[in-house]
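Engineer: what follows is a predicted structure for the sequence shown.
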Amino acid sequence: MAETQETCESSDICLFILLLLIVIINNVLHEAFSMSLKKWTAIMDTYEKGGFGYHTTMPTDGLRDFHEISVETLKFGMPELKQAQYKLGEDARELLDSRGLTSVAAPGFQAPGVLVYYR
């Protein structure tokens, strides 16, 4: 083992890993870009050169919906929203407690927006 460590430089290991990744990128076939490292790197190469992939852009309706929800949230009021979120969390916690479930969080450390329970 000591001899291998002495003769094998870290740059050799890095080169081996790089070559292994190149082989994987070029030989693993997937249709979906989210599952294909080769397709994903091609999309990133295009993006870095100033281009884009149509199928990787955010849908216009998603942008519109986000804007409408943002406007509605601001009209409702941030303090009111915070209070409503706390109330929702408290109500949900009361419901889970009433059904006999046990909270992971110790009393006094229960966050209103994070509820983790077990039977």
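Structural biologist: Structure received. Numbering: from 1, shown residues only.

Engineer: I'd like the next helix or strand past the least confident helix or strand in the chain by mean pLDDT.
Structural biologist: Lowest by mean pLDDT, DSSP states H and E among the helices and strands of the chain is helix 2-7, with a mean of 50. Note on helix 2-7: by DSSP states H and E, the next helix or strand toward the C-terminus is helix 10-27.

Engineer: show me what that next one is in contact with.
Structural biologist: By Cβ atoms under 8 Å, 6 or more residues apart in numbering, the surrounding residues in contact with helix 10-27 are 37-38, 41. Any C-beta I mention is one placed from the backbone N, CA and C, and that applies to glycine too.

Engineer: so for it, what's the average pLDDT?
Structural biologist: Average pLDDT, helix 10-27: 74.

Engineer: and it, how far out from the chain middle?
Structural biologist: Averaging C-alpha positions (Cα atoms, centre = their mean, to the nearest Å) puts helix 10-27 27 Å from its chain's average.

Engineer: next, count neighbours for Gly53.
Structural biologist: Look at Gly53: counted by other Cβ atoms under 10 Å, it has 14 neighbours.

Engineer: how near is it to Arg64?
Structural biologist: Distance of Gly53 to Arg64, given as Cβ to Cβ, to the nearest Å: 21 Å.
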